[in-house]
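Chemist: coords please:
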Amino acid sequence: MSLRFEQPIIDKTEQSRAHFGITDAEILQMLAAYRLFGFWRINIETGHFFASEDVHEIFDLPYSNGPVNLTELMSRIHEEDRSLIAQTFEEASRHGVGFHFVYRVDSRLGGYKLVRSVGRFRDDESGGGIVGVTYECVERRRVVGFEDDARPR
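Modeler: This is a model prediction of the structure:
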């Protein structure tokens with residue numbers, strides 16, 4: 001499976017959205033309508049892994065606000081790809097880099113689906129850890145309803 005490490009972004013100017021007025025919440029809402037993806041964080045010191053609802057859905061795990069059962073999550077990943085994930089987290093933590101990798105997750109339908117994770121090391125006031133996003137590589141369109149705030153014309 002493919003794996004790519006990145007150097008930390010030091011010289012890149014932060015992009016501004018102020019001139020077109022889209023909030024972070026609006027961006028997340030629009031991205032969630034486009035593709036099933038979820039955010040996650042692993043605390044290096046405790047080993048606890050926290051994830052959004054979509055990560056739980058991708059791995060077919062019941063959702064909880066607490067730490068994810070890593071044994072159960074790892075059991076959903078193809079046996080040949082598990083060592084890649086452990087290696088990736090170790091290298092990202094050791095060298096403070098970001099990464100991209102693609103791996104196979106049990107589809108629960110007798111096969112595997114491709115999943116991509118993108119993450120980066122973070123060491124700030126919240127503690128050392130890795131944050132990232134995971135999404136299915138297949139095109140999966142969501143059906144999103146309209147909000148019921150229609151205004152009379």
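
Chemist: ok, Ile58 touching Leu36?
Modeler: Yes - assessed by C-beta atoms under 8 Å, Ile58 is found in contact with Leu36 at 6.5 Å. C-beta here means a position set from N, CA and C on the backbone, and glycine is covered the same way.

Chemist: Pull up the overlap in contacts between these two.
Modeler: Common neighbours of Ile58 and Leu36, counting by C-beta atoms under 8 Å, 6 or more residues apart in numbering, are Tyr135, Glu136.

Chemist: Those two - which one has more neighbours?
Modeler: Neighbour count, other C-beta atoms under 10 Å: between Ile58 and Leu36, Ile58 has more, with 22 against 17.

Chemist: quick one: contacts for that one?
Modeler: Counting by C-beta under 8 Å, 6+ apart, Ile58 makes contact with Leu36, Gly38, Val105, Val115, Thr134, Tyr135, Glu136.

Chemist: Please repeat the previous calculation with a cut-off of 6 Å.
Modeler: Counting by C-beta atoms under 6 Å, 6 or more residues apart in numbering, Ile58 touches no other residue.
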